[in-house]
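*Asks:* Need coordinates for the below:
(chains A and B, ligands or ions: 3)
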Amino acid sequence: MTVLLVLLCVALITIIVVQVGKVTELASKIRGEEEMQEAANRRHGFYLMAFMILFLVATVVSTLYYKNYFLGYGPHKSASAHGGTLDYLFDVTLFFTGIVFVITQILLFYYGYRYKAQRGTKASFISHDNKLEIVWTVIPAVVMAFLVISGLDAWNEVMADVGEDEEYIEIEATGYQFAWGLRYPGADGELGRKDFRLIKPGSNDLGIDWNDERSLDDFLPNEIVLPVNKKVRVRITARDVLHNFYLPHFRLKMDAVPGIPTYFVFTPTKTTEEYRQELSQYEEYQVPADPTDPESPMLWEDFNYELACAELCGRGHWSMQKIVRIVSEEEYEAWKATQTPHYEQLIKGTDDDPYKEDTVEETTEEVEESTSEAEAPASEEETEEAH
Amino acid sequence: MANIATQSQPEVLREDMLIEELGFDDHFHDHHHGDKYQSNFINTYVFSQDHKVIAKQFLITGMFWAVVGALMSLVFRLQLGFPEESIAWLKPVLGKWVEINAEGFGTLSQDFYYALVTMHGTILVFFVLTAGLSGTFSNLLIPLQLGARDMASPFLNMLSYWFFFLAGAIMFASLFISTGPFSGGWVAYPPLSALPQASQGSGAGMTLWTLSLVFFVVSVLLGGINYITTVLNLRTKGMSLWRMPLTIWAFFITAIIGLLSFPVLVSAFLLLMFDRGMGTSFFLSDIYIGGQALDHVGGSPILFQHLFWFLGHPEVYIIILPAMGLVSEVLSVHSRKPIFGYKAMVYSIMAIAFLSFIVWAHHMFMSGVNPFISNFFVIFTLIIAVPSAVKVFNWIATLYKGNIRLNAASLFAIGFVSMFISGGLTGIFLGNSALDIQLHDTYFVVAHFHIVMGVAAFFGMFAGIYNWFPKMYGRFMNDTLGKIHFWGTLVGAYAIFWPMHYLGMAGVPRRYFSFDSFQAFAHFDGMNQFITIGAILTFAFQVIFIVNFFYSIWKGKKMTTRNPWGATTLEWTTPIERIHGNWPDKLPTVQRWAYDYGKDGKEFISQVEPLGPDEKEVH
Ligand code: HEM
Ligand SMILES: [Cu+2]
Ligand SMILES: [Cu+2]
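*Replies:* Ligands and ions are numbered 1, 2, ... in the order given. Predicted coordinates for the structure are as follows:
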């Protein structure tokens, strides 16, 4: 039915368009081609000016209206140490491009209006002007040089890996269709090896190699929790296709590539609570989080940092969300203490446990010491059952 | 006021006289007894070897694809703008891709959403803005503006079109297979594109997609070789390189870029096919998918991105340079003034073309390449802004003190410049890798490339169509409708793409089926609805164009003079009715550059007019 309606509309438009065409052609026959063109020039010259004004006003008004979405403004401030640098660079670029934008758009539309053909007007023969051309080549070149230098300065600092003896927390994020797997090192502060061939759905989704002793205390939380003002190095990996580890509030984005681990180093500077407090200043966050329920908490109270995927990875690409919590040092330690190493939780003593034999043997030895050789096999069975 | 329609008949005859007197006799008629190339309907209109017919074939095929691609975008825009509205009414068209639940509520299948996005990108970038634009105008204008009878190889030229047709047919077929068309994005990054397990569309859909594009590349190469050869060898007497109109410069350099970059794409596809079908590991390593660890090890998905963007970035200039050429010509003709800084324009095209080969990794700042490498790509990328800026200033200066005829063609040319400015400036944000950390793969990028490439190239194409329609069909398109089309499209395009900058700054990622999973991206319902409505209305304005176009082919106002715009270039010295070989007898010889408008008090001086006794040629 709707399809039919759409088709009908199209047919109607066609008829109208054809009729308008016929009428205007008839009019130009009556009034004379030349006069028509002149009148059209006047009219469309005026439209050009009108459009220019409308366009620039719309630009300014929408900029003001959406100023809180601009990087570094209002509630849209960065929550990482390097974020401010980027936001500043954005402003600088916006400043220069803004000037160029306004000047060139005004000249373009104004000239279109000012130099429209009218009775008695003539074009001037101007083919080039070397001096002018040099000026307007050099000025953009200088501005670009400035932007390149400030940009690269920021880039190389942001992308630098951690130094030799710097203190940092290393965590790992693994993208797969369609979720993120997180891994934290335990007390040793180091992540163990992993290998995609060891992946076992459910018990070892990341393919952690339990032969590596560093793995044994690694834990796999389902949200990212980090202490404020501590340097973090995120190891970013992927299991199946490309993904992208994207933390919009921290100005952080890096592809996750199967086979090629990448990393991003950053320092969160605001706890989730602090960020909420900041947001609470803004009207748009002082509304119920659930619009249908006026009793629900305010939007700012409900706020959380989020991890997203920013590289197309298939049908569920849009849904790879994880919560990120930035907390105080103490809260972080307390949280860590509640986490159980994955090995302890799901692996220990199962067939996947490479130390199973060891544990078994150790116990057996103990048993052997205290019992006669003849009884040994029976007690071996017992110990196995005990696990 | 200078009106050209009243250009007195003797002027035109003067050009004939000049051709007769000074023209170059290539004994055309001695070779062409009774036109063996155009003896029946089939070889005149279907398997034609006449560049003017092939141009129309490219144009109309391009228009078909533009409509298909645009309709696809409306469907996925409905999903983004109105996810809460049922689209059960689309079921008759989309079939199983509309999933109807128990209450009769219809939603778009996620797989199909991504397929639509992918097809939309592929179709518009390759079929519409590469083949439809370059194919149409290079074919039409290169021989006509250079004073050649046809392309260097009319036969290859015909093949070029039919390979394009074949590519289109395969892509079209892929829309109807049961697993759906390819859905991994127009950039087709592996492993997603390499593994059928990763996505429905990466099965047969992907195979057809690749096959189609390989044929497409063949088409581009056949066309390109022809354009280059024709420009180098078939220019008429007196048409030195520095006397060529900017259109020809643009087509020429575009063809060179295409010839150097498209084969790299094919090599990437070939390797990808090996990975898909033969167990090689060029792009694959360490993959666990579908409950299985794959055998592929040692490959690099990033390598594919290098190969892809080595074409991909030049490709965006393959799209925009022809549009720039058309706009330069249209602006100059209708402001009755030489293009400002002709040589600077040519050198800018060359600089852009050269630089376009060494900036590709600006699409890969966040893809895991060594951050150090990005330093070079930032530098070259931002350098490209300089020749781009020069071109903009020159266009604006061309209008200055002109005597501008504001018709559909020149309005679209002005609109092009506006779009190119708006979109080019956002490139400066993205080219700075530090800013790209935040902006990459957000709607900011979508806004950037749609404005600077999508809309701008369309505007260049429209300017070209309105301007050269009389040359193609011997009739005019209705100019009032053209102007309505222009204003609707200008306002509509900005309404669609401008707000996307704000979405991008707020961090909203592109290629999301729904924004509901994230607090951070979920606040933009109003804006998304606005964009969708804008898209529908803008599409409606394109209907006006299409109706105008086809109506005018048969019923448009007839061309009564040969040179309706009072242009200096050679195509307007050919007879109104299309003839094989372009000029009935001798070929014109060229006496001056292409931009003598308003010189020495004359409205315009055709390129066939010899220099006066003390006249100096300007450049
Ligand atoms: C002023 C010069 C320009 C600069 C500095 C520039 C810079 C960039 C950068 C850095 C990106 C990558 C953004 C990202 O993915 O994060 C980009 C994307 C893009 N640009 Fe430009 N650009 C410029 C002009 C153009 C022109 C003239 C065109 C086309 C005619 C164009 C078409 C594109 C396209 C198609 C993409 C997106 C491809 C994709 O990811 O799907 N750009 N541009
Ligand atoms: Cu994803
Ligand atoms: Cu590029």
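*Asks:* Could you report the neighbour count for residue 295?
*Replies:* By default, I'm working from chain A. Each residue near residue A:295 was counted by other C-beta atoms under 10 Å in any protein chain shown, and the total is 6. C-beta here means a position set from N, CA and C on the backbone, and glycine is covered the same way.
*Asks:* could you do chain B instead?
*Replies:* Neighbourhood size, residue B:295 [other C-beta under 10 Å]: 10.
*Asks:* tell me the secondary structure for the residue nearest to it when sequence neighbours are not counted?
*Replies:* Distance criterion C-beta to C-beta, 6 or more residues apart in numbering or on different chains; nearest residue to residue B:295, sequence neighbours excluded, is residue B:279 at 6.9 Å. Secondary structure, DSSP: H, G, I helix; E, B strand; the rest coil: residue B:279 is coil.
*Asks:* Residue B:279 contacts residue B:297, correct?
*Replies:* No: the criterion here is C-beta atoms under 8 Å, and residue B:279 misses it with residue B:297 at 11.4 Å.
*Asks:* Over to the residue nearest to residue B:295: give its phi and psi.
*Replies:* Here is the backbone geometry of residue B:279 (degrees, to the nearest 10): phi 80, psi 10.
*Asks:* any idea how far it lies from ligand 2?
*Replies:* Taking C-beta to the ion, to the nearest Å as the measure, residue B:279 falls 26 Å from ligand 2.
*Asks:* Find me the pLDDT at that residue, would you?
*Replies:* pLDDT for residue B:279: 88.
*Asks:* Please report the distance of residue A:113 from chain B.
*Replies:* Using C-beta to the nearest C-beta, to the nearest Å, we find residue A:113 at a distance of 9 Å from chain B.
*Asks:* where's that residue, which helix or strand?
*Replies:* Counting by DSSP states H and E, the element that carries residue A:113 is helix A:83-114.
*Asks:* moving C-terminal of that helix, what's the next helix or strand?
*Replies:* Taking DSSP H and E, what comes next after helix A:83-114 is helix A:130-159.
*Asks:* same for that following helix, what does it pack against?
*Replies:* Using 3 or more C-beta pairs under 8 Å, 6 or more residues apart in numbering or on different chains; DSSP states H and E as the contact test, the elements touching helix A:130-159 are helix A:83-114, helix B:371-399, helix B:433-439.
*Asks:* Tell me where the model's unsure across chain B.
*Replies:* Counting by pLDDT under 70, chain B shows low-confidence ranges at B:1-12, B:29-39, B:619.
*Asks:* any idea which helix is longest in it?
*Replies:* Scanning chain B for the longest helix, with DSSP state H as the assignment, gives helix B:301-335.
*Asks:* what's in contact with the helix or strand that comes right after it?
*Replies:* As assigned by DSSP H and E, the chain's next helix or strand after helix B:301-335 is helix B:342-355. Here helix B:342-355 makes contact (C-beta atoms under 8 Å, 6 or more residues apart in numbering or on different chains) with A:127-128, A:133, B:242, B:246, B:249-250, B:253-254, B:256-257, B:314, B:317, B:321, B:324-325, B:328, B:339, B:380, B:383-384, B:386-388, B:390-391, B:394, B:593, B:595, B:619.
*Asks:* swap the cut-off to 6 Å and go again
*Replies:* Contact with helix B:342-355 is made by A:133, B:246, B:249, B:253, B:257, B:380, B:384, B:387, B:390, B:391, B:394, B:619, as judged by C-beta atoms under 6 Å, 6 or more residues apart in numbering or on different chains.
*Asks:* Between the residues you listed, which sits nearest residue A:336?
*Replies:* Closest approach between these and residue A:336, by C-beta to C-beta: residue B:380, at 45.7 Å.
*Asks:* can you tell me the residue of the stretch 401-550 of chain B closest to ligand 2?
*Replies:* Nearest residue of the stretch 401-550 of chain B to ligand 2: residue B:511, at 8.1 Å (C-beta to the ion).
*Asks:* Test my guess that that residue contacts residue A:313.
*Replies:* No: using C-beta atoms under 6 Å, residue B:511 is not in contact with residue A:313; the gap is 9.5 Å.
*Asks:* Looking at these two, which has the bigger crowd around it?
*Replies:* Higher neighbour count among residue B:511 and residue A:313: residue A:313, with 29 against 20, using other C-beta under 10 Å.
*Asks:* looking at it, that one is touching residue A:241, isn't it?
*Replies:* Yes: with contacts counted by C-beta under 6 Å, residue A:313 reaches residue A:241, the gap being 5.0 Å.
*Asks:* Mind giving me the packing neighbours of the helix or strand harbouring residue A:23?
*Replies:* Following DSSP H and E, one finds residue A:23 within helix A:2-31. Applying 3 or more C-beta pairs under 6 Å, 6 or more residues apart in numbering or on different chains; DSSP states H and E, one finds that helix A:2-31 contacts helix B:525-555.
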